[in-house]
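Participant: turn this into a model:
(one chain, ligands or ions: 1)
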Amino acid sequence: MAAHLSRKVPLAELHCHLGAAVTPAIMWSIAHAQGIKLPTRDYWDFRDLITVHPRRPKSFDGYLQLFHWTELIQSSPIAVERAVYEVIGGAYRKNNITTTELRFNPMKRNRGGEQDLDHIIAAAVRGMDKATLEYPVKPGLIFCLDRAFPFELNEIIAEKAIAWRDRGVVGVDIAGPESATFRVADYRRPLRRARQYGLGITIHTGESGPVEEVARVIELLEPDRIGHGVKAAYDPRAMAMLRERGIVLEICPTSNLNTGVVSGWEEFRWIFDQFHRNGVRYTISTDGPEMLKTYIRDELATLGRLGILSVEEQQQIAAASLAASFVPNVSEVPLPLREPARRDVVEREEA
Ligand SMILES: [Zn+2]
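Facilitator: Numbers count the residues shown, from 1 in each chain. Got it, this is the predicted structure:
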């Protein structure tokens, strides 16, 4: 039986960082168009600088270092517009992703305040609009607060998300490195405000940090979704909270393997088994397809090939990701009703 999801099934990418989603060749072009002095004149060295590769040690901080150059290159309105446009169109062409929720921290793209934040945000909206004119896609933007930022800066980012909510900003996230100054409880008020204005809330937790943080984030910040959350599999209380509140996890397998958060596919087999047994809802994303050199369909195909997820389960995930999107009306797009497994087999035979 085929282990692959039909390409006709549209997908939503719910967890994708702008800094990890632009093809290296386009990043190279954007850098040169702006006259940015890169540390190398060799394209292949540059590619290694902004993507994972076997020689790079697998660690969470090491992974975050890959963003140094991508965020710098994306730090102008022209760069942000092109980057957003290219990611959304590319996701549709390569993977039939009709809904890309693209997340980024606008304050990591304004050269420490040299450039106006609203110009950066307006550029992202233009890039999104341009992609929408070319392809049948429904994208949305999520603004990332940063664990290592002072609270006051994060508060401004949350307020910007609220201000731009009618222009395609659909949610707020907290991302970034583990930080001694970050306290979950501080973010109750700004995130509650964002929710009151109709924005979706997703928080990076249960990834590199402590297992216990997942339950604390759920309790204090009441997210709709959680970025990663794989460590919840080790906390029955967190899984019960996820199930009862219908919170959806955004699982990014290859990312977790590259950051060393999950040790291998066998651990993932166990993690998914825990989620299935405990009724935890989840979707599959990439975290950043170009930096991690994987697309959603690669992730699903690997999980299918290893017998971790059946084709039926992959179809449920495709439907769940559309249903859990923060982009308005995405879940109302009718999914093709079909007898999945049989048609997949036919397609394969024809191929
Ligand atoms: Zn992420």
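Participant: where exactly do the strands run in the chain?
Facilitator: With DSSP state E as the criterion, the chain has strands at 11-17, 97-104, 140-146, 169-175, 200-205, 225-228, 248-251, 281-284.
Participant: name every strand pairing with the last one and say which way it goes.
Facilitator: Okay, so that is strand 281-284. When pairing is defined by DSSP bridges, strand 281-284 lines up against strand 248-251 (parallel).
Participant: got the contact list for the partner strand?
Facilitator: 14-15, 202, 206, 224-230, 232, 242, 275, 280-285, 320, 324 (C-beta atoms under 8 Å, 6 or more residues apart in numbering). Placement of C-beta: from N, CA and C, glycine included.
Participant: in the stretch 201-350 of the chain, where is pLDDT below threshold?
Facilitator: For the stretch 201-350 of the chain, applying pLDDT under 70 flags the ranges 331-350.
Participant: can you give me the helices in it?
Facilitator: Ranges of helices in the stretch 201-350 of the chain, per DSSP state H, counting those that start in this stretch, are 213-221, 236-245, 253-258, 265-277, 289-292, 296-305, 311-323, 340-350.
Participant: what distance separates the shortest one from the middle of the whole chain?
Facilitator: Here the centre of helix 289-292 is set off from its chain's centre by 11 Å, with C-alpha atoms, centre = their mean, to the nearest Å.
Participant: packing partners for that helix?
Facilitator: Other helices and strands packing on helix 289-292, by 3 or more C-beta pairs under 8 Å, 6 or more residues apart in numbering; DSSP states H and E, are strand 11-17, helix 253-258.
Participant: got the angle for the first one vs strand 200-205?
Facilitator: Same thing as strand 11-17. 60 degrees (axes from the mean of the first three to the mean of the last three C-alpha atoms, to 10 degrees).
Participant: with only the CA atoms kept, save strand 11-17 in PDB.
Facilitator: What follows is strand 11-17, C-alpha atoms only, in PDB (Å, rounded to 0.1, in the frame of the first residue of the first chain):
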ATOM      1  CA  LEU A  11      -1.500  21.500   2.800                       C
ATOM      2  CA  ALA A  12      -1.100  24.200   5.300                       C
ATOM      3  CA  GLU A  13       2.400  25.100   6.700                       C
ATOM      4  CA  LEU A  14       1.700  26.400  10.100                       C
ATOM      5  CA  HIS A  15       5.200  26.700  11.500                       C
ATOM      6  CA  CYS A  16       7.700  28.300   9.100                       C
ATOM      7  CA  HIS A  17      10.200  31.000  10.000                       C
END
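Participant: quick one, it and strand 97-104 angle?
Facilitator: Angle of strand 11-17 versus strand 97-104, following the same axes, to 10 degrees, is 10 degrees.
Participant: which other helices and strands does strand 11-17 contact?
Facilitator: So strand 11-17, by 3+ C-beta pairs under 8 Å, 6+ apart, packs with helix 77-95, strand 97-104, strand 225-228, strand 281-284, helix 289-292, helix 296-305, helix 311-323.
Participant: by how many degrees do it and helix 296-305 diverge?
Facilitator: On the basis of the same axes, to 10 degrees, strand 11-17 is oriented at 110 degrees to helix 296-305.
Participant: which outside residues touch strand 11-17?
Facilitator: Applying C-beta under 8 Å, 6+ apart, the contact partners of strand 11-17 are 67, 87, 91, 95-104, 144, 175, 202, 225, 227-228, 250, 252, 283, 285-289, 291, 296-297, 318, 321-322, 324-325, 330.
Participant: quick check: mean pLDDT across that strand?
Facilitator: For strand 11-17, the mean pLDDT works out to 98.
Participant: please compute how far it lies from its chain's middle.
Facilitator: On C-alpha atoms, centre = their mean, the centre of strand 11-17 falls 5 Å from the chain's centre.
Participant: tell me the contacts of the closest residue in space to H204 that isn't next to it in sequence?
Facilitator: Excluding the flanking residues, the one nearest H204 by C-beta to C-beta, 6 or more residues apart in numbering is G227, at 3.9 Å. The contact partners of G227, by C-beta under 8 Å, 6+ apart, come to H15, D173, A175, T202, I203, H204, T205, E207, E250.
Participant: all good on my end, thank you.
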